[in-house]
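Asker: Quick one: sequence and predicted model below, then my questions.
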Amino acid sequence: MSEATESGLLSTAKQGADTLLTLARSTCEQALSTHPPETPISFPTTSYQLPLFYSLIPSPVTTLGELSKALGGLTIGDDVGGIGTATALSAEAIEALAFLDDEKAAEETGFIPDNLIRQLGLPLVDGTIPGIAVIFGKAQKVDAVELVRGYQERGLLTMLVGPVIGQLEAAEVEMGAEVKLVPLGQGTAVALALDAAARIGLIFGNLPAGEAAQMADYIRGKVPAFLNLLGEQDPISSAVAVTCLAFGLPVVAERAFDDAGEVLVETEAEAMITASLKARSIAIVGERPDVPTPFGSAFEGERIRKADTHFQAGGGASVSFELLRMAPAEELTDGEVKLIGEDIDGTTPLHISPLAIIIRVGGDGMQEDFETVIERRIHDYLNYAMGQWHMGQRDINWIRISKEAYSAGLRLIHIGKILHNRIHRNFGKIVQAVEVDIITDQAKIKKLLPQARKVYHQRDLRLASLTDEAVQEFYSCTLCQSFAPIHVCVVTPERLGLCGSVSWLDARASYQILPEGGNKPITKEGVIDETLGEWESVNAFVRQASQNKLTRVCIYSLMEAPMTSCGCFEAILMVLPEANGVLVVNREFEGDTPLGLPFSTLAGNISGGVQTPGFMGISKRFLLSGKFIPAEGGLRRVVWLPEELKEFLGEELQARAEKMGMPDLIGKIATENEARTLEELITHLKKVEHPALGLEAIL
Ligand code: SF4
Ligand SMILES: [Zn+2]
């Protein structure tokens, strides 16, 4: 933790820490007067109970009695580290004690569930979310709306604590995880921001319990967060500032602090943003496109309801499609956006029109295979504009523009400007020219649609022919190493990265764009075992990329040296020896598996880049692959999966089973409707004669 310096800030902060610790102790004693000491205490939706106690002190705190003892033993000290630890733990205790008797309050707390932390892993490592802003207090000089919009525009995740939440509510700013603007609560809820930072370390970094120094180093080195402190200096805000400094998070305040040491001061929103990003070395790449609404990855999750819709295309209401093709760069005029047909000026709400978005890209590194890689990003890019919403792809896309965005001046022509801007920003190394046609002319669309469908069909054939055997090299992905330093994904044509977002083609394109980046080719050499999927060259790569922590990996097996898991996996695959099979559970499923444990608890066993035979993090679509654990018998080993996952995979899963010559297999796989316990599961499997029962013993 940081060096101790005697300053006005430290002594005020010490008073604040003292107030919080006294309050935490008295609240805990009060709870003990009506509850036995064995009463469990934990935030909901986490496997780390009280994550700050879990990671910062050596003895476990899972009950009221243990909490009381831990608080009793806390001393504040005079240095940054001591004050910070006492503040963080006291605030966390107060937050957790607040809902001891009130399950409803527990559900409403601003505590961020483990599953959401896992979901944030990928955007944090791939730069979609370049950082985390924590805003504390009540804005007096800085314009709070300008401040949060500034962060949203830059894609940051912003957490809000204190009266600033009410200020934004009054200004009718939409808040929530979907727009990356998360209200945590009042005062002590600042602990919930630290709880999130600590769990990045626990989940992805596989940090041990009770190692405060390791945790502080991890947060300082790897979690790109900082604090903006609004309002007057008082003991509590000083304690919050010192706590952040203790974990290496820079602090920028809007008012000059009395003898404030490392606290920076900025009195205007833009300047505060710039200073914060600089202090945390967060670089924002590229200019924003010229559009009249706020724009940034923070708006990606925003929904537009029908009642708020001004314009709509696709989604069954009209013909709509999108297509990206490569063309010789010299034939293209970079930046040209043509509108063929009418734009939406002067239209009335819920205007529906046919729409085609045709993009032509050209450049030295462009290959036909990369057309789909870039085309798939249309979805993200269009969603970045506030008030514009995109779903689906190809000729089943669906686009909406909200009334508010229409009033602000957003038009269809801006779709072209956005795509031109983002494609350059993300693919500029392989694409030098981008042209976009936005077409609303019915006759023209009718003529182009069959041609587009022909291209989609050819691409499907090409994808189907891309098997592991058909290629010379696989690709590594080590993007997640920024949080899980020893994790390596091996991405093959038939195996997506476990986050579900990096395909073999994606990895290949990324390598072209940035050869020194997170994806590298691994030539298949020195086959050791075809069935297990083990190659000397792959082993050599993972050994070096995992700093010798991993000596071998069998990419076709769950039981023998399986792939490691970082933490952002979409689903868990896990052996069930009692059923001679495996179960699969996806991150969205909130219920218990037949083992009596939910996803979040099981996930705790396989994170952090550790190899755990019998357990593996996977992408949901991996179940559809011809290379889904062939060493253990493939899909016929799956004995249980949640109904929603079965539905999500739908016809494709059925088609896969048919291809294996087992058309009735999917119907035999139990869901939570057939089996909630291991006993029920085994009874079900026997009743339907599930093929796993006849396979060789899995253990
Ligand atoms: S493929 Fe693996 S390493 Fe790469 S981003 Fe996805 S989970 Fe992380
Ligand atoms: Zn990951």
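Answerer: That came in fine, so what should we check first? Ligands and ions are numbered 1, 2, ... in the order given.

Asker: okay, now residue 554: neighbour count?
Answerer: Look at residue 554: counted by other CB atoms under 10 Å, it has 23 neighbours. Where C-beta positions appear, they are placed from N, C-alpha and C, glycine not excepted.

Asker: Can you say which helix or strand has the nearest residue to it once chain neighbours are set aside in it?
Answerer: Spatial nearest neighbour of residue 554, chain neighbours left out: residue 532 (3.9 Å); criterion: CB to CB, 6 or more residues apart in numbering. Residue 532 is part of no helix or strand, with elements assigned from DSSP states H and E.

Asker: again with residue 218
Answerer: Going by DSSP H and E, residue 218 is in helix 212-222.

Asker: repeat for residue 559
Answerer: Using DSSP H and E, no helix or strand contains residue 559.

Asker: right, and it touches residue 632 too?
Answerer: Yes: Residue 559 lies in contact with residue 632 (CB atoms under 8 Å); the separation is 6.1 Å.

Asker: Quick check: neighbours shared by the two?
Answerer: residue 698 (CB atoms under 8 Å, 6 or more residues apart in numbering).

Asker: Identify the residues contacting residue 267.
Answerer: Taking CB under 8 Å, 6+ apart, we find residue 267 in contact with 141, 142, 254, 255.

Asker: circling back: make sure the residue nearest to residue 554 is actually in contact with residue 559.
Answerer: No: between residue 532 and residue 559 there is no contact under CB under 8 Å: 9.3 Å.

Asker: Which one's more surrounded, residue 559 and residue 632?
Answerer: residue 632 (22 against 18).

Asker: And that one, its phi and psi?
Answerer: Here is the backbone geometry of residue 632 (degrees, to the nearest 10): phi -110, psi 10.

Asker: With residue 355 instead?
Answerer: Residue torsions, per degrees, to the nearest 10, at residue 355 are phi -150, psi 130.

Asker: element containing the residue in the stretch 451-600 of the chain that ligand 1 sits nearest to, please.
Answerer: Going by CB to the nearest ligand atom, ligand 1 is nearest to residue 497 of the stretch 451-600 of the chain, at 2.1 Å. Residue 497 belongs to no helix or strand when elements are defined using DSSP H and E.

Asker: Need the residues that contact the helix or strand bottoming out on mean pLDDT in the chain.
Answerer: Least confident helix or strand of the chain, by mean pLDDT, DSSP states H and E, is helix 103-108 with a mean of 70. Outside helix 103-108, the residues within contact range by CB under 8 Å, 6+ apart are 43, 44, 98, 99.

Asker: Let's see the PyMOL selection covering just the buried ones among those residues.
Answerer: Per 16 or more other CB atoms under 10 Å, the buried members of the contacts of helix 103-108 correspond to this PyMOL selection:
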select buried, resi 43+98+99
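
Asker: Just the closest of the contacts of helix 103-108 to residue 21, please.
Answerer: Distance to residue 21, by CB to CB, is smallest for residue 98 among the contacts of helix 103-108, at 16.2 Å.

Asker: just to revisit the earlier point, which residues are in contact with the residue of the stretch 451-600 of the chain closest to ligand 1?
Answerer: By CB under 8 Å, 6+ apart, the neighbours of residue 497 are 477, 489, 491, 503, 507, 619.

Asker: filter these down to the ones near ligand 1?
Answerer: Near ligand 1, judged by CB under 6 Å from any ligand atom, the entries from the contacts of residue 497 are 477, 489, 491.

Asker: Which of the residues you listed fall in strands?
Answerer: Judged by DSSP state E, these include 477, 489, 491 as members of strands.

Asker: Can you lay out these as TSV showing neighbour count?
Answerer: Output for those, formatted as TSV (neighbours: other CB atoms under 10 Å):
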residue	neighbour count
477	27
489	29
491	23
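
Asker: got the residues you listed as CSV, with distance to ligand 2 and pLDDT columns?
Answerer: Listed next are those as CSV, based on distance: CB to the ion, whole Å; pLDDT from 0 to 100:
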residue, distance to ligand 2, pLDDT
477, 9, 95
489, 8, 96
491, 12, 97
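
Asker: out of those residues, who's nearest residue 62?
Answerer: Looking across these and measuring by CB to CB, the closest to residue 62 is residue 489, at 33.6 Å.

Asker: Tell me if I'm right that that closest one and residue 500 touch.
Answerer: No: with contact defined as CB under 8 Å, residue 489 does not count as touching residue 500 (11.1 Å).

Asker: residue nearest the centroid of the protein?
Answerer: For the chain, the residue nearest the mean C-alpha position is residue 120 (2.4 Å; CA atoms, centre = their mean).

Asker: contacts for stretch 688-699?
Answerer: Under CB under 8 Å, 6+ apart, the answer for stretch 688-699 is 559, 575, 577, 579-582, 614, 632-633, 636-639, 662, 665, 667-669, 684-686.

Asker: 6 Å instead, please
Answerer: Residues outside stretch 688-699 that contact it (CB atoms under 6 Å, 6 or more residues apart in numbering): 575, 577, 580, 581, 633, 636, 637, 639, 668, 685.

Asker: right, and the helix or strand after the longest helix along the chain?
Answerer: If you go by DSSP state H, the chain has its longest helix at helix 8-34. Next along the chain after helix 8-34, taking DSSP H and E as the criterion, comes helix 51-56.

Asker: Could you pull out the buried residues of the next helix or strand after that next one?
Answerer: Counting by DSSP H and E, the next helix or strand C-terminal to helix 51-56 is helix 64-73. Across helix 64-73, burial judged by 16+ other CB under 10 Å covers 64, 65, 66, 67, 68, 70, 71.
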